[in-house]
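Visitor: Take a look and give me a structure for this.
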Amino acid sequence: MRFWRRITRYDPALRDERGAYLGDTWTSISDVGEEFAGVVLTLDEYDRVEAAYISSVVAFANDCGADRLEVRHLESGDGLSEGDQLSVTEAAGVVRRMLREEVVCVLESPAGDFAVHVGFDLYMYVGSDCVATRAIDHARSAGLFVDEDWPSPQRSDGG
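Guide: Next comes the predicted model:
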């Protein structure tokens with residue numbers, strides 16, 4: 001894939017010179033009810049951010065013309081099997097489960113020209129062969145940060 005983006009809720013202005021995030025913030029649904037920088041993370045706030053990630057995946061898939069995604073490299077996930085073909089709507093539900101650390105897999109288009117990977121701490125990676133300008137704008141307007149030219153550590157192409 002020609003284009004890889006890292007999509008996060010973490011402001012790049014709060015990173016050190018190595019890229020490590022310095023802010024006091026939450027990183028998982030398991031943090032709901034905990035306090036960060038003097039504010040308690042509510043389920044409503046978690047759901048709001050999670051919805052931004054999911055709508056961004058849908059925007060990227062739509063922008064790039066990916067109408068089906070396949071489950072690949074399945075490590076865990078009840079109800080899923082390696083090779084399952086999912087509509088974008090079904091894939092959005094799997095992305096929700098990936099963000100909640102209930103599913104570990106990669107979602108890729110059958111043609112191999114679009115992929116979604118979710119790593120630890122709500123780091124999401126989207127790879128594509130399309131520029132996806134509208135999807136990038138959507139993610140940013142949803143409050144997420146898009147780091148261009150940032151390949152996923154889960155890439156299967158060895159690059």
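Visitor: part of a strand, is G93?
Guide: No - the assignment for G93, made by DSSP: H, G, I helix; E, B strand; the rest coil, is helix rather than a strand.
Visitor: how close does it sit to S87?
Guide: In this structure, G93 and S87 are separated by 10 Å, where distance is defined by Cβ to Cβ, to the nearest Å. Yep, even glycine has a C-beta here, placed from its N, CA and C like the rest.
Visitor: Then W4?
Guide: Distance check for W4 against S87: by Cβ to Cβ, it reads 24 Å.
Visitor: So if I had to pick from these two, which one is more boxed in?
Guide: Taking neighbours as other Cβ atoms under 10 Å, W4 and S87 compare with W4 leading, 19 against 12.
Visitor: Dig out what the more buried one forms beta bridges with.
Guide: On the basis of DSSP bridges, W4 is bridged to G127.
Visitor: Thought Q154 was touching it, still the case?
Guide: No - counting by Cβ atoms under 8 Å, W4 does not reach Q154; the two are 10.7 Å apart.
Visitor: Common neighbours of these two, please.
Guide: Taking Cβ atoms under 8 Å, 6 or more residues apart in numbering as the contact rule, the neighbours common to W4 and Q154 are Y125.
Visitor: which residue lies farthest from the center of the protein?
Guide: Of all residues in the chain, G38 sits farthest from the chain's C-alpha centroid, using Cα atoms, centre = their mean; the distance is 26.6 Å.
Visitor: which residues touch D11?
Guide: When the contact criterion is Cβ under 8 Å, 6+ apart, the partners of D11 are G23, F145.
Visitor: With R140 as the reference, measure out to it.
Guide: Between D11 and R140 the distance is 12 Å, computed by Cβ to Cβ.
Visitor: what's the answer for R100, then?
Guide: According to Cβ to Cβ, R100 and R140 sit 23 Å apart.
Visitor: now for the lengthiest strand in the chain, which elements pack on it?
Guide: Residue-count comparison of every strand in the chain, with assignments taken from DSSP state E, identifies strand 68-76 as the longest. Counting by 3 or more Cβ pairs under 8 Å, 6 or more residues apart in numbering; DSSP states H and E, the packing neighbours recorded for strand 68-76 are strand 85-87, helix 88-99, strand 104-108.
Visitor: Of all these, which one comes closest to A132?
Guide: A132 lies closest, by Cβ to Cβ, to one member of the helices and strands packed on strand 68-76: helix 88-99, at 14.1 Å.
Visitor: Now the residue nearest the centre of the chain. Nearest residue, chain neighbours left out?
Guide: The residue at the geometric middle of the chain, judged as the C-alpha nearest the mean C-alpha position with Cα atoms, centre = their mean, is M124 (2.9 Å). Of all residues not flanking M124 in the chain, I7 sits nearest, at 4.6 Å (Cβ to Cβ, 6 or more residues apart in numbering).
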